[in-house]
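> Whatever this is, show me its structure:
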Amino acid sequence: MKQGTQGSAGAGIGRIRASGQVRVPVQPGAADVDRNGGTAADAPQAARGEHTHSEPPPPRPGTPVQRSSVRGQIVDALRTALMAGELRPGEVYSAPALGERFGVSATPVREAMQQLALEGAVEVVPNRGFRVVERGARELAELAEVRALIEVPVMLRLARTVPTERWAQLRPLAEATVRAASAGCRVTYAESDRAFHRAVLALAGNDQLVRIADDLHRRAQWPQAGSPAARGRADLVADAHEHTALLDALIAGETDLVRTLVGEHFTGAR
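Numbers count the residues shown, from 1 in each chain. Predicted coordinates for the structure are as follows:
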């Protein structure tokens, strides 16, 4: 956590820990011990921000794989905290402090933060930890433009080739975005929003396309610096209804309307 600002993200992360998502006790593992017998907590702060420990040897048959599971849970939890605005743009968080909140050693938190750094969500701050990237309006507009360049042509092609019954199968996902938006929870809505877009693009049969588009979509959902942590419920509901309107047009085979709706959807994307 940023020194002097531990309360900002602590409440949300504390809720995640209490929910049982991460239940690993605080204790140094093999990867936390240096050659001199010290732990990661004794290491210089620069190493905490910049170095990712190597993976342990593969477990013996029948041994539960726990380390990667814990790291994955922490990555998901940190993404949720980013989405909810609990990890604030511009603030610096240390792996040991976050590890204490999660109830794990600093190592899996550091590795999770390195993953988020690769995704562009945080950046390494030598001797301190990781800073949440401040995203401006220009960057979000650029992400929306790139998403449109990738997804719009694909959706228009699919509108001409995918049978009506296949589109109808996506109705539950579109309706799920409306329910999530009506609840007013940005995190839940973000998950359902991406699920709907992934399902549409999956009809193209290109796994690389789905992965790239989903990564761009996730980045576009992170809060903008200086903006409220969450969009208003009315904005979420309006965005969700664009999904159902688009699906109705796809089912009806109205290509011109699909083109208009998809264009408007990305123009207002955040």
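> where's Leu140, which helix or strand?
Assigned by DSSP states H and E, Leu140 belongs to helix 137-161.
> Pull the residues that contact that helix.
With contact meaning C-beta atoms under 8 Å, 6 or more residues apart in numbering, helix 137-161 is reached by 197, 200-201, 203-204, 209, 212-213, 216-217, 219-220, 224, 249-250, 253, 255, 258-259, 262-263, 266-267, 269-270. Heads up, the C-betas are built off the backbone N, CA and C, glycines and all.
> go with 6 Å
For helix 137-161, the surrounding residues in contact (C-beta atoms under 6 Å, 6 or more residues apart in numbering) are 203-204, 213, 216, 219-220, 224, 250, 255, 258, 262, 266, 269.
> Any of these buried? List them.
The neighbour count (16 or more other C-beta atoms under 10 Å) marks 203-204, 213, 216, 219-220, 250, 258, 262, 266, 269 as buried among those.
> possible to save the residues you listed as a markdown table with distance to Val92?
As requested, the buried ones among the contacts of helix 137-161 are exported to a markdown table (distance: C-beta to C-beta, whole Å):
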| residue | distance to Val92 |
| --- | --- |
| Leu203 | 42 |
| Ala204 | 40 |
| Ala213 | 31 |
| Leu216 | 26 |
| Arg219 | 20 |
| Ala220 | 24 |
| Leu250 | 45 |
| Val258 | 45 |
| Val262 | 39 |
| Phe266 | 33 |
| Ala269 | 29 |
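> Same list (the residues you listed) but as a markdown table, adding secondary structure, distance to Ala234 and pLDDT.
Converted to a markdown table, the buried ones among the contacts of helix 137-161 look like this (DSSP: H, G, I helix; E, B strand; the rest coil; distance: C-beta to C-beta, whole Å; pLDDT from 0 to 100):
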| residue | secondary structure | distance to Ala234 | pLDDT |
| --- | --- | --- | --- |
| Leu203 | coil | 30 | 97 |
| Ala204 | coil | 32 | 96 |
| Ala213 | helix | 26 | 96 |
| Leu216 | helix | 25 | 93 |
| Arg219 | helix | 24 | 88 |
| Ala220 | helix | 20 | 88 |
| Leu250 | helix | 25 | 90 |
| Val258 | helix | 25 | 90 |
| Val262 | helix | 22 | 87 |
| Phe266 | helix | 20 | 81 |
| Ala269 | coil | 16 | 57 |
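> What is the nearest of the residues you listed to Ser69?
Arg219 (24.7 Å; C-beta to C-beta).
> Name the next helix or strand downstream of the helix holding Leu140, please.
Elements were assigned by DSSP H and E; along the chain past helix 137-161, the next helix or strand is helix 164-168.
> buried stuff in the following helix or strand past that following helix?
As assigned by DSSP H and E, the chain's next helix or strand after helix 164-168 is helix 171-183. For helix 171-183, a neighbour-count test (16+ other C-beta under 10 Å) marks 173-178, 180-181 as buried.
> same thing with stretch 141-152?
Those would be 143-144, 146-148, 150-152, for stretch 141-152 by 16+ other C-beta under 10 Å.
> Check the offset of it from the chain's centre.
Averaging C-alpha positions (C-alpha atoms, centre = their mean, to the nearest Å) puts stretch 141-152 18 Å from its chain's average.
> what pLDDT, on average, does that stretch get?
Looking at stretch 141-152 alone, the average pLDDT works out to 92.
> I'd like the numbering to begin with 18 instead of 1 from here.
Shifting the count to begin at 18 puts that one at stretch 158-169.
> ok, the contacts of helix 154-178 vs Gln131, which is closest?
Arg236 (16.7 Å).
> Much appreciated, bye for now.
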